[in-house]
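[1] Here is my input, please return the structure:
(one chain, ligands or ions: 1)
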Amino acid sequence: MTTKIKYSLLALCLGAIVAQAHPIIPTPQSVTLGKGYFVATKQPATEAMAVVTEKNHGEEYYRLVITPQKITCYAASEAGVFYAKQSLLQLSDSLGRIPCMTIVDEPRFAWRGLMLDVSRHFFGKEVVMQQLDMLARLKMNRYHLHLTDETGWRIEIKQYPALTGVGAEGNWSDRKAPRAFYTQDDIREIVEYARERHIQVIPEIDMPGHATTVYRAYPEFSTGGTGRWAGFTFYPAAETTYTFLRNVLTEVAALFPAPYIHIGGDEVHFGNQVWKTDPQIQQFIRDNQLGDEVGLEHYFVRRACEIVADLGKTVIGWDEIIESGVPADNMLVMWWRHDKPQILDKALKEGFRVILSPRIPCYFDFVQDDSHKIGRRWGGAFNTLEVAYRFPESIQARLTGHESQILGIQANIWTERIADKKRLDFMTFPRLAIIAEDAWSPAERKNEADFKERLPYFLKYLDTQHIEYFNPFNPAATPEPWGPEKADATANG
Ligand code: TNX
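    Predicted structure coming up:
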């Protein structure tokens, strides 16, 4: 090799390293480093940022130009300006110095989400707001609240007060825990807090399964299985059930400005044994030519979709609902069964729009280190930081040709084994930062070694916010926090 070629290769490598040398998570689409610093005289440094509106860009696009003299943000909308600020906050050191550079940035996916299960264990609005702050910092824009399940109904519905009466009592680890739920005012506050951070809040009312709280509060709308599955489902064969749902969803739709309502739709077969023996249900199946209990389940989903459509919203459901016969244009699907990739293939082939949320690597109730004892594994597999970082490239072959149908990525925190904030944060961080990068940064900009260089800055930030996390650089320094023992309250402990 000639010396000249050697030097150009070296320059190329250095160029690649230098181009990445910044602490921003998720890493931007392009960064060109300049010379010197801008020194902010006021804190936060965002105060010094001038904004220039520049049309003809995506809503979330921004260009940030930092010179020793000034900081300018070019963006088409408020969202872009907001994301420029997040980058700036991550760049500013404790002396208010910001290295000169130009960033041109835009997200890879439109849907960058986090779901919190507040049914199994409830988390109050302060916790929710801190999660929203962290989502904003990481340029994420969807917050899905799993509000109802077997263990607790967590949203006030004025027309049916028993839902948050007996329905909000207890949780997964303590059946006698005092009532806990969001009032409608709490929800309004959460929604507004999220809106200020460019985050849409999506409510989920799970049906026809995972509805045991309704059995406790209004057994007339309920049926289910036997033993611990008693009351697991709504009663699918009476018009009164659908009227009840319409009334509930009408209140829900009015509280959440997001154009979506999530209706769950998962795991009905766990607890619908009574459907097989109840004469009225069997008659209903015959009268409506539904074939069998699965046909009835699909009928239920279609009815729920109609109600949501009447309310001017689009349905989201767990991947089971692609079988329901609802046209692909009318709903969004969350693919969660990582062990059933053929469901993802089918959804894409049939034209559904899909949010990628497979258990591996998107479920934060799975352990993140082999030394951790509490939390899920799947046939030995769990969600390490590396597995999370290689997503969705790890399933790229399935996505190719369907790019426009992939809305984005969402992480889900199921809380059977998470009963307090300490463990909640430990299971969330730093994996949330990884999912954020998966969802925002283009594949060709992702680089595991470089991410590991940037992550310590983020961990330091978590320290300043008193947020617990797992430290992958020194696992012994962050021992696994306590989580509740398995109870018999759900199938998924
Ligand atoms: C499956 S994901 C469930 C949840 C559990 C979770 C635990 C989904 C649609 N259903 O009810 O909490 O597994 O990992």
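
[2] Which residue, neighbours along the chain excluded, lies closest to Trp274?
    That one is not Trp; residue 274 is Val. Spatial nearest neighbour of Val274, chain neighbours left out: Thr223 (4.8 Å); criterion: CB to CB, 6 or more residues apart in numbering. Just so you know, the C-beta spots here come from the backbone N, C-alpha and C atoms, and that holds for glycine as well.

[3] which residues does that neighbour contact?
    Contacts for Thr223 (CB atoms under 8 Å, 6 or more residues apart in numbering) come out as 231, 233-236, 272, 274-275, 278, 281.

[4] Where does pLDDT dip in the stretch 351-493 of the chain?
    Residue ranges of the stretch 351-493 of the chain with pLDDT under 70: 486-493.

[5] Can you tell me how far the residue nearest to Val274 is from Gly379?
    Separation of Thr223 from Gly379 (CB to CB, to the nearest Å) stands at 33 Å.

[6] SS state for Ile263?
    Of the three states, Ile263 takes strand according to DSSP: H, G, I helix; E, B strand; the rest coil.

[7] Tell me, how many residues neighbour Tyr403?
    Wrong residue type there; residue 403 is Glu, not Tyr. Neighbour count of Glu403, defined by other CB atoms under 10 Å: 8.

[8] From Pro392, how far off is it?
    When Glu403 is compared with Pro392 (using CB to CB), they lie 11 Å apart.

[9] do Ala79 as well
    23 Å.

[10] again, but for Glu60
    Distance of Glu60 to Pro392, given as CB to CB: 19 Å.

[11] so which residue of the stretch 251-400 of the chain comes closest to the ligand?
    Nearest residue of the stretch 251-400 of the chain to the ligand: Asp266, at 3.5 Å (CB to the nearest ligand atom).

[12] wait, what's in contact with Ser77?
    59-60.

[13] what does Phe473 give?
    Shown in contact with Phe473 (CB under 8 Å, 6+ apart): 455-456.

[14] One more: Asp278?
    When contacts are counted by CB under 8 Å, 6+ apart, Asp278 is found next to 223, 237.

[15] Does Ile263 touch Arg303 like I think?
    No. Ile263 lies out of contact with Arg303 (CB atoms under 8 Å); the separation is 10.1 Å.

[16] Settle it for me: which of these two has more neighbours?
    Neighbours around Ile263 and Arg303, counted as other CB under 10 Å, are more numerous at Ile263. The numbers are 26 against 19.

[17] For Tyr457, which non-adjacent residue is closest in space?
    Distances taken as CB to CB, 6+ apart place Pro23 nearest to Tyr457, at 3.8 Å, with adjacent residues excluded.

[18] can I assume that neighbour sits in a helix?
    No. Under three-state DSSP, Pro23 falls outside any helix and is assigned coil.

[19] That one and Arg454 touch, don't they?
    Yes. At 4.9 Å, Pro23 counts as touching Arg454 under the criterion of CB under 8 Å.

[20] Can you pull the residues of the stretch 301-450 of the chain lying near the ligand?
    Proximity of the stretch 301-450 of the chain to the ligand (CB under 6 Å from any ligand atom) is limited to residues 318, 336, 363, 365, 376, 414, 416.

[21] neighbours around the third one, how many?
    Tyr363 has 23 neighbours, counted by other CB under 10 Å.

[22] Enumerate every residue touching it.
    Tyr363 touches 376, 383, 411-412, 414, counting by CB under 8 Å, 6+ apart.

[23] switch to 7 Å and redo it
    Residues near Tyr363 by CB atoms under 7 Å, 6 or more residues apart in numbering: 376, 383, 412, 414.

[24] thinking again about what came up before, I'd say the residue nearest to Tyr457 and Leu455 touch.
    No. Counting by CB atoms under 7 Å, Pro23 does not reach Leu455; the two are 8.9 Å apart.

[25] separation between the residue nearest to Val274 and the ligand?
    To the ligand, Thr223 is 19 Å away according to CB to the nearest ligand atom, to the nearest Å.

[26] Dig out what that residue forms beta bridges with.
    Thr233 (DSSP bridges).

[27] residues near the one residue in the stretch 51-200 of the chain that gets nearest to the ligand, how many?
    Nearest residue of the stretch 51-200 of the chain to the ligand: Asp117, at 6.0 Å (CB to the nearest ligand atom). Other residues near Asp117 number 25, with proximity taken as other CB under 10 Å.

[28] so it touches Glu416, yeah?
    No. Using CB under 7 Å as the test, Asp117 is too far from Glu416 to be in contact (8.0 Å).

[29] does the spatially most central residue of the chain count as helix, strand or coil?
    Using CA atoms, centre = their mean, the residue of the chain that lies closest to the mean C-alpha position is Leu114, 1.9 Å off. Three-state assignment for Leu114 (three-state DSSP): strand.

[30] list the contacts for Ser441?
    By CB under 7 Å, 6+ apart, the contact set of Ser441 is 26-27, 108.

[31] Next, count neighbours for Arg97.
    Arg97 has 14 neighbours, counted by other CB under 10 Å.

[32] From Ile66, how far off is it?
    Taking CB to CB, one finds Arg97 at 11 Å from Ile66.

[33] cool, and Lys452?
    Per CB to CB, Lys452 is found 25 Å from Ile66.

[34] Which one's more surrounded, these two?
    Neighbours were counted for Lys452 and for Ile66 using other CB under 10 Å; Ile66 has more, 26 against 14.

[35] For beta bridges, what are the partners of the more buried one?
    Beta-bridge pairing for Ile66 (DSSP bridges): Ile71, Met101.

[36] Check it and give its pLDDT.
    The model reports Ile66 with a pLDDT of 98.

[37] residue ranges of the strands in the stretch 51-200 of the chain, please?
    Using DSSP state E, counting those that start in this stretch, the strands of the stretch 51-200 of the chain run over residues 62-66, 71-75, 97-105, 111-117, 142-146, 200-207.

[38] Tell me who's in contact with Glu448.
    Counting by CB under 7 Å, 6+ apart, Glu448 touches 386, 389.

[39] roughly how far apart are it and Val387?
    As judged by CB to CB, Glu448 and Val387 stand 11 Å apart.

[40] Give me the nearest residue to Thr478, chain neighbours excluded.
    Spatial nearest neighbour of Thr478, chain neighbours left out: Asn471 (4.3 Å); criterion: CB to CB, 6+ apart.

[41] show me what contacts the one you found?
    Listed by CB under 7 Å, 6+ apart, the contact partners of Asn471 are 459, 477-478.
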